[in-house]
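Undergrad: Here is a sequence with its predicted model. Questions after.
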Amino acid sequence: MSSDDSSSALLLSRQLKDLQKNPVDGFSAGLVDDNIYQWEIMVIGSPETLYEGGFFRAVMDFPTTYPIMPPTLKFTTAMYHPNVYPDGTVCISILHPPGDDKYGYEQANERWSPVHTVETILLSVISMLSSPNDESPANIEAAKEYREDYPLFKKKVRRIVRDSADM
(Lines give C-alpha, C1' and ligand atoms only; values in the text may rest on other atoms or scores of the structure.)
Protein backbone atom coordinates (compact mmCIF):
# COMPACT_ATOMS: atom_id res chain seq x y z
CA MET A 1 0.00 0.00 0.00
CA SER A 2 1.45 3.38 -0.99
CA SER A 3 1.42 6.32 1.41
CA ASP A 4 -1.37 7.90 -0.71
CA ASP A 5 -3.43 4.72 -0.25
CA SER A 6 -2.85 4.64 3.48
CA SER A 7 -3.69 8.34 3.96
CA SER A 8 -6.91 8.01 1.93
CA ALA A 9 -7.85 4.86 3.87
CA LEU A 10 -7.20 6.67 7.16
CA LEU A 11 -9.32 9.64 6.10
CA LEU A 12 -12.18 7.37 4.97
CA SER A 13 -12.01 5.42 8.25
CA ARG A 14 -12.27 8.68 10.16
CA GLN A 15 -15.23 9.88 8.08
CA LEU A 16 -17.04 6.58 8.56
CA LYS A 17 -16.49 6.68 12.34
CA ASP A 18 -17.77 10.28 12.43
CA LEU A 19 -20.93 9.30 10.55
CA GLN A 20 -21.51 6.33 12.84
CA LYS A 21 -20.96 8.42 15.95
CA ASN A 22 -23.03 11.37 14.67
CA PRO A 23 -25.63 10.00 12.21
CA VAL A 24 -27.18 12.43 9.74
CA ASP A 25 -30.89 12.32 8.93
CA GLY A 26 -31.61 10.97 5.49
CA PHE A 27 -28.89 8.39 4.99
CA SER A 28 -26.74 5.70 6.53
CA ALA A 29 -23.40 4.29 5.42
CA GLY A 30 -21.32 1.18 5.96
CA LEU A 31 -18.59 -0.78 4.24
CA VAL A 32 -19.07 -3.36 1.51
CA ASP A 33 -17.11 -6.50 2.50
CA ASP A 34 -14.86 -4.53 4.91
CA ASN A 35 -13.46 -2.58 1.93
CA ILE A 36 -12.76 1.00 3.04
CA TYR A 37 -12.89 2.10 -0.62
CA GLN A 38 -16.42 0.80 -1.22
CA TRP A 39 -19.34 1.92 0.90
CA GLU A 40 -22.96 0.83 0.88
CA ILE A 41 -25.25 3.81 1.29
CA MET A 42 -28.94 3.90 2.16
CA VAL A 43 -30.67 7.13 1.17
CA ILE A 44 -34.05 7.63 2.79
CA GLY A 45 -36.52 9.72 0.78
CA SER A 46 -36.98 13.07 2.51
CA PRO A 47 -40.36 14.11 3.88
CA GLU A 48 -42.42 16.39 1.63
CA THR A 49 -40.59 15.30 -1.54
CA LEU A 50 -41.67 12.90 -4.28
CA TYR A 51 -39.16 10.39 -2.86
CA GLU A 52 -40.69 10.44 0.67
CA GLY A 53 -40.93 6.95 2.12
CA GLY A 54 -38.39 5.44 -0.27
CA PHE A 55 -35.31 3.45 0.73
CA PHE A 56 -32.68 3.70 -1.97
CA ARG A 57 -29.52 1.63 -1.83
CA ALA A 58 -26.36 2.91 -3.48
CA VAL A 59 -22.67 2.10 -3.64
CA MET A 60 -20.00 4.74 -3.29
CA ASP A 61 -16.62 3.82 -4.76
CA PHE A 62 -13.60 5.85 -3.70
CA PRO A 63 -10.39 6.12 -5.68
CA THR A 64 -7.14 5.60 -3.76
CA THR A 65 -6.45 9.25 -4.65
CA TYR A 66 -9.38 10.40 -2.46
CA PRO A 67 -9.79 13.23 -1.39
CA ILE A 68 -7.89 14.70 -4.35
CA MET A 69 -10.30 12.96 -6.74
CA PRO A 70 -14.02 12.36 -6.11
CA PRO A 71 -15.80 9.07 -5.49
CA THR A 72 -18.56 7.77 -7.74
CA LEU A 73 -22.04 7.09 -6.44
CA LYS A 74 -24.40 4.64 -8.10
CA PHE A 75 -27.88 3.69 -6.97
CA THR A 76 -28.41 -0.07 -6.93
CA THR A 77 -32.12 0.37 -6.20
CA ALA A 78 -34.13 1.61 -9.18
CA MET A 79 -34.03 5.41 -9.37
CA TYR A 80 -35.90 7.73 -11.71
CA HIS A 81 -34.51 11.25 -11.61
CA PRO A 82 -33.17 13.79 -14.15
CA ASN A 83 -29.72 13.77 -12.51
CA VAL A 84 -29.32 9.99 -12.28
CA TYR A 85 -28.27 8.05 -15.36
CA PRO A 86 -30.50 5.10 -16.28
CA ASP A 87 -27.78 2.77 -14.88
CA GLY A 88 -28.08 4.46 -11.45
CA THR A 89 -24.94 6.63 -11.60
CA VAL A 90 -25.45 10.00 -9.90
CA CYS A 91 -24.49 13.08 -11.90
CA ILE A 92 -23.98 16.14 -9.70
CA SER A 93 -21.34 18.82 -9.98
CA ILE A 94 -19.46 18.02 -6.78
CA LEU A 95 -18.79 14.49 -8.04
CA HIS A 96 -17.16 15.77 -11.23
CA PRO A 97 -13.33 15.91 -11.29
CA PRO A 98 -11.79 19.17 -10.10
CA GLY A 99 -10.90 21.96 -12.49
CA ASP A 100 -12.59 23.59 -15.43
CA ASP A 101 -15.48 21.89 -17.21
CA LYS A 102 -14.46 21.24 -20.82
CA TYR A 103 -18.04 22.00 -21.89
CA GLY A 104 -18.16 25.29 -19.98
CA TYR A 105 -21.34 24.36 -18.11
CA GLU A 106 -19.90 24.18 -14.57
CA GLN A 107 -17.51 26.55 -12.90
CA ALA A 108 -14.46 25.04 -11.22
CA ASN A 109 -15.78 26.04 -7.77
CA GLU A 110 -18.93 23.93 -8.35
CA ARG A 111 -16.94 20.77 -9.02
CA TRP A 112 -15.09 18.38 -6.72
CA SER A 113 -12.88 19.84 -4.04
CA PRO A 114 -10.94 17.94 -1.36
CA VAL A 115 -12.92 19.81 1.32
CA HIS A 116 -15.96 17.66 0.51
CA THR A 117 -16.68 14.68 2.73
CA VAL A 118 -19.02 11.72 2.45
CA GLU A 119 -21.48 13.73 4.52
CA THR A 120 -21.43 16.76 2.18
CA ILE A 121 -21.77 14.48 -0.86
CA LEU A 122 -24.79 12.67 0.58
CA LEU A 123 -26.42 15.90 1.70
CA SER A 124 -26.00 17.12 -1.89
CA VAL A 125 -27.64 13.93 -3.17
CA ILE A 126 -30.57 14.40 -0.78
CA SER A 127 -30.88 18.00 -2.00
CA MET A 128 -30.69 16.81 -5.62
CA LEU A 129 -33.63 14.45 -5.04
CA SER A 130 -35.84 17.30 -3.90
CA SER A 131 -34.57 19.85 -6.47
CA PRO A 132 -33.63 18.28 -9.81
CA ASN A 133 -31.43 20.19 -12.24
CA ASP A 134 -33.24 19.60 -15.51
CA GLU A 135 -30.90 21.99 -17.36
CA SER A 136 -28.09 19.43 -17.42
CA PRO A 137 -29.80 16.04 -17.25
CA ALA A 138 -28.19 12.63 -17.01
CA ASN A 139 -31.55 10.98 -17.73
CA ILE A 140 -33.02 12.84 -20.71
CA GLU A 141 -36.39 11.04 -20.51
CA ALA A 142 -36.84 11.86 -16.81
CA ALA A 143 -35.87 15.51 -17.38
CA LYS A 144 -38.26 15.84 -20.31
CA GLU A 145 -41.13 14.34 -18.28
CA TYR A 146 -40.23 16.49 -15.27
CA ARG A 147 -40.59 19.61 -17.47
CA GLU A 148 -43.36 18.58 -19.89
CA ASP A 149 -45.46 15.88 -18.18
CA TYR A 150 -44.99 16.29 -14.44
CA PRO A 151 -47.95 14.01 -13.54
CA LEU A 152 -46.34 11.13 -15.47
CA PHE A 153 -42.93 11.86 -13.89
CA LYS A 154 -44.56 11.89 -10.44
CA LYS A 155 -46.34 8.58 -11.15
CA LYS A 156 -43.05 6.89 -12.13
CA VAL A 157 -41.27 8.21 -9.03
CA ARG A 158 -44.11 7.05 -6.79
CA ARG A 159 -43.79 3.55 -8.30
CA ILE A 160 -40.05 3.32 -7.54
CA VAL A 161 -40.68 4.64 -4.02
CA ARG A 162 -43.30 1.92 -3.46
CA ASP A 163 -41.00 -0.74 -4.92
CA SER A 164 -38.06 0.42 -2.79
CA ALA A 165 -40.10 0.13 0.40
CA ASP A 166 -40.99 -3.49 -0.49
CA MET A 167 -37.38 -4.61 -0.84
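TA: Looks like it came in fine.

Undergrad: three-state assignment of Leu123?
TA: helix (DSSP: H, G, I helix; E, B strand; the rest coil).

Undergrad: Next up, the contacts around it.
TA: Residues counted as contacts of Leu123 (C-beta atoms under 8 Å, 6 or more residues apart in numbering) are Val24, Gly26. For the C-beta atoms, the positions are set from N, CA and C on the backbone; glycine is no exception.

Undergrad: How much space separates it from Val24?
TA: Counting by C-beta to C-beta, to the nearest Å, the gap from Leu123 to Val24 is 7 Å.

Undergrad: State which helix of this protein is the longest.
TA: helix 3-21 (DSSP state H).

Undergrad: Does anything pack onto that helix? Which helices or strands?
TA: Contacts defined by 3 or more C-beta pairs under 8 Å, 6 or more residues apart in numbering; DSSP states H and E place helix 3-21 against strand 27-32, strand 35-44, helix 118-130.

Undergrad: can you redo the ones you listed as a markdown table with distance to Gln20?
TA: Listed next are these as a markdown table, based on distance: least, C-beta to C-beta, whole Å:
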| stretch | distance to Gln20 |
| --- | --- |
| strand 27-32 | 8 |
| strand 35-44 | 12 |
| helix 118-130 | 11 |
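
Undergrad: Surely Glu145 touches Leu152?
TA: Yes. Counting by C-beta atoms under 8 Å, Glu145 touches Leu152, with 5.3 Å between them.

Undergrad: Of those two, give the one with the bigger neighbour count.
TA: Glu145 (21 against 12; other C-beta atoms under 10 Å).

Undergrad: Return the residues in contact with the more buried one.
TA: Leu152, Phe153, Lys156.

Undergrad: check which helix or strand covers it.
TA: helix 140-148 (DSSP states H and E).

Undergrad: quick one: buried residues of the longest helix of the chain?
TA: By neighbour count on 16 or more other C-beta atoms under 10 Å, the buried set for helix 3-21 is Ser8, Ala9, Leu11, Leu12, Gln15, Leu16, Leu19.

Undergrad: So what touches the helix or strand hosting Ala58?
TA: Using DSSP H and E, the element containing Ala58 is strand 55-61. For strand 55-61, contacts defined as C-beta under 8 Å, 6+ apart pick out 29, 32, 37-45, 71-77, 79, 88, 90, 118, 121, 164-165, 167.

Undergrad: How far away from the center of its chain is that strand?
TA: 8 Å (C-alpha atoms, centre = their mean, to the nearest Å).

Undergrad: Partner strands of that strand, with direction?
TA: strand 35-44 (antiparallel), strand 72-75 (antiparallel) (DSSP bridges).
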